[in-house]
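**Student:** pasting the structure only:
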């Protein structure tokens, strides 16, 4: 059977999925933390609140400390301990 290619012009483009970018920079940071530390669903709201309320530098430092220092176990639990100990 011979491939005749797309039959309509619309078939060339297909359906393009567009992801809506985060509205604020802190949302993007929260999504990155959730993804990299495998934050469970019931704690995701807490990550968004931390990223919104605390300075970006504090959150990023805690995030980097967590990635460097926690080699085993639940990294997300360690992140919450580190961010709780940080002074703004």
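**Tutor:** Okay, I see it. All values reported here derive from a predicted model rather than from experimental measurement.
**Student:** pLDDT of the helix or strand hosting residue 28, averaged?
**Tutor:** According to DSSP states H and E, residue 28 maps onto helix 25-37. Taken as a whole, helix 25-37 carries a mean pLDDT of 93.
**Student:** run the chain-centre distance for whichever helix or strand comes after that helix.
**Tutor:** Beyond helix 25-37 on the C-terminal side, the first helix or strand identified by DSSP H and E is helix 44-53. How far helix 44-53 lies from its chain's middle: 11 Å, per C-alpha atoms, centre = their mean, to the nearest Å.
**Student:** the helix or strand that comes right after helix 44-53: which residues count as buried?
**Tutor:** Sequence order places helix 56-69 as the next helix or strand after helix 44-53, per DSSP H and E. Using 16 or more other C-beta atoms under 10 Å as the test for burial, helix 56-69 gives 58, 59, 62, 63, 65, 66. Every C-beta, even on glycine, is put in place using the N, C-alpha and C of the backbone.
**Student:** and if you look at stretch 23-36?
**Tutor:** Buried, per 16+ other C-beta under 10 Å, within stretch 23-36: 26, 29, 30, 31, 33, 34.
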